[in-house]
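In: Test case, fold it:
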Amino acid sequence: MDGKVVVVTGAGSGIGRALAREAARRGARLALSDIDVDGLAQTVAMVRTDGATDVHSQRLDVTEQAMVAEYAGQVVEHFGVVNLVINNAGIAFTGRVSQSGYKDIARVMDVDYWGVVHGTKEFLPHLVASGDGHLANVSSIFAILSVPTQNAYNAAKAAVQQFTESLRMEMLADGHPVDVSCVHPGGIKTAVARNAGAAEGLDSAGFASIFDEKFARTEASTAARVILDGVERRRARILVGPDAHLIDALVRLFPSAYQRGTVAMSRRFGVL
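Out: The predicted structure follows:
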């Protein structure tokens, strides 16, 4: 990635920040964005200490198509080219379907799915023009194994997976010089669960505590290395963490039976 231009959304914390730092260590030029300007500023300071010398940063709401279109133009104007785009920005929400409001579900879809669509469509022409482009969209292991009370997140991440895999086939069919990867992180040590919203009357802290204590086993820095290694190897699917590999195999073996086990585990940990 030495000298390549790498775009990372949601770079103000978590996996996005770790991706920015790892890309900086590999010699990349960086275009970083987040809706959280304070977190983004902290990331920019970190990547500079990691060796990044050319960093473009900007507040970005990925749900706003016009804003993403303008941002893509500014990035290309700054660097002249875009080589890798990682659509990483995302949020979570806790609540049963019967408890969740339409606005709550729509908000998750707007950020987690439409944010990926906007980032993909606005940067794709520039990736094609680069002659050696790569797009990596961050889905989740929850796109492969659904869990109760995370229905909006499950749905958004599954949509990201199918959207991304369809695009990969289109790039192959058309002979465009763009590789496409779908990223499926397992339990990563970030604040995404702690920052999640919750349906009225619920406290997402319980789910977040269980997720952090029982399932978040992989450091964000490790996840970033796995993702960028997968990108460099041009992998179509990038599973992140031992749990992601285990869950992927479990669902392949028990495509419907896993659901009863997931319900039982959720009850055991107090999620249901």
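In: how about the helices in the stretch 151-272 of the chain?
Out: 151-174, 205-210, 220-232, 242-253, 258-268 (DSSP state H, counting those that start in this stretch).
In: Revised request: answer the last question for the stretch 1-150 of the chain.
Out: For the stretch 1-150 of the chain, the helices defined by DSSP H, counting those that start in this stretch cover 14-25, 37-49, 65-79, 102-108, 115-130.
In: List the buried residues of the shortest one.
Out: So the one you mean is helix 102-108. For helix 102-108, burial by neighbour count (16 or more other C-beta atoms under 10 Å) applies to 104-105, 107-108. Using the backbone N, CA and C atoms, a C-beta is placed for each residue, glycine as well.
In: what's it packed up against?
Out: strand 93-94, helix 151-174 (3 or more C-beta pairs under 8 Å, 6 or more residues apart in numbering; DSSP states H and E).
In: what angle sits between the last one and helix 115-130?
Out: On the basis of axes from the mean of the first three to the mean of the last three C-alpha atoms, to 10 degrees, helix 151-174 is oriented at 20 degrees to helix 115-130.
In: Quick one: residues in contact with helix 151-174.
Out: 90, 92-93, 95-97, 100, 104-105, 108-109, 111-113, 116-117, 120, 135, 137-140, 142-144, 146-147, 178-182, 184, 236 (C-beta atoms under 8 Å, 6 or more residues apart in numbering).
In: are any of those buried, and which?
Out: In the contacts of helix 151-174, the ones that pass as buried (16+ other C-beta under 10 Å) are 90, 92-93, 95, 100, 104-105, 108-109, 111-113, 116-117, 120, 135, 137-140, 142-144, 146-147, 178-182, 184.
In: Least reliable of the helices of the stretch 151-272 of the chain by average pLDDT, please.
Out: Across those, helix 205-210 has the smallest mean pLDDT, namely a mean of 67.
In: Could you list the low-pLDDT ranges of the stretch 51-200 of the chain?
Out: Along the stretch 51-200 of the chain, the model assigns pLDDT under 70 to residues 191, 193-194.
In: 80 - rerun?
Out: 191-200 (pLDDT under 80).
In: and the helices and strands packed on helix 102-108 as JSON lines, adding distance to Lys189?
Out: Shown next, in JSON lines, are the helices and strands packed on helix 102-108 (distance: least, C-beta to C-beta, whole Å):
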{"stretch": "strand 93-94", "distance to Lys189": "19"}
{"stretch": "helix 151-174", "distance to Lys189": "18"}
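In: Give me whichever of the ones you listed is most buried.
Out: Greatest average neighbour count among the helices and strands packed on helix 102-108 goes to strand 93-94 (a mean of 26), per mean count of other C-beta atoms under 10 Å.
In: ok so, going back, so which of the helices of the stretch 151-272 of the chain gets nearest Leu127?
Out: Closest approach to Leu127 among the helices of the stretch 151-272 of the chain is made by helix 151-174 (9.1 Å; C-beta to C-beta).
In: Kindly list the longest strand within the chain.
Out: strand 178-185 (DSSP state E).
In: Could you figure out how far that one is turned away from helix 115-130?
Out: Using the same axes, to 10 degrees: strand 178-185 against helix 115-130 is 150 degrees.
In: List the pairing partners of strand 178-185 within its sheet, with orientation.
Out: strand 133-138 (parallel), strand 237-240 (parallel) (DSSP bridges).
In: Report the distance from the last one to the chain centre.
Out: To tie it back to what came earlier, the one meant is strand 237-240. In terms of C-alpha atoms, centre = their mean, to the nearest Å, the gap separating the centre of strand 237-240 from the centre of its chain is 12 Å.
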